[in-house]
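Asker: Task: produce atomic coordinates for the following.
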Amino acid sequence: MQVALVVFAYLLGSIPFGLIIGRLAGKDVRRTGSGNIGATNVLRAAGKTAGIVTLLLDVAKGYAAVTLAEQFSGPSHALPLICGAAALLGHCFSVFLRFRGGKGVATGLGVFLGIAPFYVIFALGAFLVVVTLTRLVSAGSIAGSITMPIALWIGGASSAHIGVAAAIAALIIAKHHANIARIVSGQENRIGRGPRHP
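Answerer: Coordinates of the predicted model:
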């Protein structure tokens with residue numbers, strides 16, 4: 001049963017909602033903007049409604065993987081963490097997209113809404129502060145992902161929770177490598193304006 005739940009979580013995470021919603025709006029998001037299937041690129045390619053729907057669905061699949069696993073979790077409560085990680089890996093390395101995918105921010109948010117909802121407040125706070133100051137969604141996403149394991153550590157969470165959060169943060173940062181390069185060169189798109197040219 002537990003192995004089946006982990007496989008299901010991976011397959012659930014692998015559903016490319018951004019690609020599906022984009023196509024319903026008449027756009028192939030992989031050929032537009034950054035080419036990413038996440039909510040930010042869907043918003044730019046297919047409009048606000050499509051972006052919001054993609055965001056909610058990507059969050060929901062991370063949350064659903066965790067909450068379903070909790071129904072079968074034993075005393076160690078490791079299964080929800082494993083299923084959450086599997087859903088995130090599915091999103092980032094989708095079997096339906098030849099093991100390519102999104103950057104994991106929204107699905108990671110859903111995972112932690114399921115396993116540590118209080119600490120999500122701090123990650124969202126970091127995201128909002130950085131986006132407000134820089135107008136860069138990518139920078140805010142990186143800041144939020146880094147904040148999550150730090151908040152869990154300060155709050156005295158289990159080493160398993162902290163470790164999973166740190167691994168997720170590392171994956172999200174790695175998936176943002178192109179964004180980081182554009183930030184450094186001043187070419188990253190900002191909310192409400194184009195890239196800043198040095």
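Asker: Report pLDDT for the residue nearest to residue 110 when sequence neighbours are not counted.
Answerer: Leaving aside its sequence neighbours, residue 110 sits nearest to residue 62 (Cβ to Cβ, 6 or more residues apart in numbering; 2.7 Å). C-beta: built from backbone N, CA, C; applies to glycine. On the pLDDT scale, residue 62 is placed at 97.
Asker: same thing with the one 4 residues further on?
Answerer: Among the per-residue scores, residue 66 shows a pLDDT of 95.
Asker: Show the contacting residues for it.
Answerer: 80, 83, 84, 87, 110, 111, 114, 115 (Cβ atoms under 8 Å, 6 or more residues apart in numbering).
Asker: Pull out the buried residues from the host helix or strand of residue 52.
Answerer: Using DSSP states H and E, residue 52 falls within helix 48-70. By neighbour count on 16 or more other Cβ atoms under 10 Å, the buried set for helix 48-70 is 50-51, 53-55, 57-69.
Asker: After that helix, heading C-terminal, what element do we hit next?
Answerer: Next element after helix 48-70 (DSSP H and E): helix 78-92.
Asker: Could you grab the helix/strand/coil label for residue 27?
Answerer: In terms of secondary structure, residue 27 is coil; the call rests on DSSP: H, G, I helix; E, B strand; the rest coil.
Asker: got a list of what it touches?
Answerer: 45, 46, 50.
Asker: Neighbours of the second one, how many?
Answerer: In this case it means residue 46. Residue 46 is flanked by 23 other residues according to other Cβ atoms under 10 Å.
Asker: Output the lowest mean pLDDT helix or strand found in the protein.
Answerer: helix 39-46 (a mean of 90; mean pLDDT, DSSP states H and E).
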